[in-house]
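Trainee: Build me a structure from this.
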Amino acid sequence: MTAIPLARRTRKAAVVSALCAGLVVGVTGLTGCSSSEEDPDAGTNGVGKLSASKIQRKSLAAADAADAVRLSGTVVSKGHTYKLDMRLKGEGGEGSVTSKGDTFKLLRVGKQLYLMADSGFWDHADAKDGEKPGKADDEAAAKLDGKYVKVPQEDAAYKQLSGFTDKDVLLSGMLTLHGKLETGERGRTGGIPSIKITGDKGAGGTLDVSLQGKPYPLRLQRAGDAGTLRLTDWGKDFSLEEPRKDEMVDYGEQLPTS
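Mentor: So this is what the prediction gives:
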């Protein structure tokens, strides 16, 4: 057997190592090319493989089962635009609503609803139609400024206002798209991988659904330009406590009418 000098063996090993390294890079490159053709739903929750109608059903089921959610954005209803920022759960909700230039806070703990607004809001409520607030209106409004007012359940405002604090009422019909459902593009909504589903190519609304974790709805463009809502903090609990006595005013059996 012919002996190979050490120097030649070392050079040969270096050549073999270089060839192997090149082969690994080549294979890695090929693997990289093939991975781009792999299932785009790999590593997701898999709803992207489903039809738009099934995605909507799963999204609605996930929303219904969640303990809590934060909802923010705008809602247009009956010619009025409402700006919402509400945290909702089964026991109630809290947050703010802006309408007609006035912003007020809502807090519902169980069946008891509280409303907080500044004196300007109450001035408008106390004044009669077409009249400017009088001295008595100003004095009454000043007492309510920055205080929680208990909303009687018999008051006409209770049903309308409590709806903003009720997760089931607020989301049950709102998240349903209308018309022919189709899947749209994939992207990121609030930093979360998502897929769009549309109703009648967007005319019936557009919903961004999470492709990460549970298929929660993340963003809703309502049909007919009726507002855009963001849905975040799914399942994140928060505390609900009734106002202290010094934070609250009992207006009586009926609130002022606006």
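Trainee: can we go C-alpha only for contacts and neighbour counts from here?
Mentor: Will do.
Trainee: quick one: residue 85 and residue 69, what's the gap?
Mentor: 11 Å (CA to CA, to the nearest Å).
Trainee: in this protein, which spans are strands?
Mentor: 68-77, 80-89, 92-99, 102-109, 112-116, 148-151, 181-189, 192-199, 206-210, 217-221, 228-232, 248-249 (DSSP state E).
Trainee: is it possible to export the ones you listed to TSV including mean pLDDT, distance to residue 164 and mean neighbour count?
Mentor: What follows is those, written out as TSV (pLDDT from 0 to 100; distance: least, CA to CA, whole Å; neighbours: other CA atoms under 10 Å):
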stretch	mean pLDDT	distance to residue 164	mean neighbour count
strand 68-77	94	10	19
strand 80-89	95	8	21
strand 92-99	95	8	20
strand 102-109	94	8	20
strand 112-116	94	11	22
strand 148-151	91	14	24
strand 181-189	96	24	17
strand 192-199	97	25	22
strand 206-210	98	20	28
strand 217-221	97	17	25
strand 228-232	97	13	20
strand 248-249	84	20	18
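Trainee: Same list (those strands) but as a markdown table, adding distance to residue 162.
Mentor: Shown next, in a markdown table, are the strands of the chain (distance: least, CA to CA, whole Å):
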| stretch | distance to residue 162 |
| --- | --- |
| strand 68-77 | 15 |
| strand 80-89 | 11 |
| strand 92-99 | 9 |
| strand 102-109 | 7 |
| strand 112-116 | 7 |
| strand 148-151 | 9 |
| strand 181-189 | 29 |
| strand 192-199 | 29 |
| strand 206-210 | 25 |
| strand 217-221 | 22 |
| strand 228-232 | 19 |
| strand 248-249 | 18 |
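Trainee: which one of those strands lies closest to residue 158?
Mentor: strand 148-151 (6.2 Å; CA to CA).
Trainee: Extract the CA atoms of that closest one and return them as PDB.
Mentor: C-alpha atoms of strand 148-151 as PDB (Å, rounded to 0.1, in the frame of the first residue of the first chain):
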ATOM      1  CA  TYR A 148     -71.400  58.400  37.700                       C
ATOM      2  CA  VAL A 149     -75.200  58.600  37.300                       C
ATOM      3  CA  LYS A 150     -77.200  55.400  38.000                       C
ATOM      4  CA  VAL A 151     -79.400  54.700  35.000                       C
END
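Trainee: tell me which strands and helices it is in contact with?
Mentor: strand 112-116, strand 248-249 (3 or more CA pairs under 8 Å, 6 or more residues apart in numbering; DSSP states H and E).
Trainee: mind redoing it with 10 Å?
Mentor: Packing partners of strand 148-151 (3 or more CA pairs under 10 Å, 6 or more residues apart in numbering; DSSP states H and E): strand 102-109, strand 112-116, helix 156-162, strand 248-249.
Trainee: For it, give me every contacting residue.
Mentor: With contacts defined as CA atoms under 10 Å, 6 or more residues apart in numbering, strand 148-151 is touched by 105-108, 112-117, 157-159, 161-162, 242-255.
Trainee: Try it again at 6 Å.
Mentor: The contact list for strand 148-151, computed with CA atoms under 6 Å, 6 or more residues apart in numbering, reads 113, 114, 115, 116, 248, 249, 250.
Trainee: Over to stretch 231-241?
Mentor: Contacts for stretch 231-241 (CA under 6 Å, 6+ apart): 66, 67, 68, 69, 70, 71, 218, 219.
Trainee: Give me the pLDDT value at the residue nearest to residue 93 when sequence neighbours are not counted.
Mentor: Closest residue to residue 93 apart from its sequence neighbours, by CA to CA, 6 or more residues apart in numbering: residue 165 at 4.6 Å. Listed pLDDT for residue 165 reads 95.
Trainee: swap in the one 5 residues further on?
Mentor: The per-residue pLDDT reported for residue 170 equals 86.
Trainee: From what I see, residue 181 and residue 199 are in contact.
Mentor: Yes: proximity of residue 181 to residue 199 meets the contact threshold set by CA atoms under 6 Å, at 4.6 Å.
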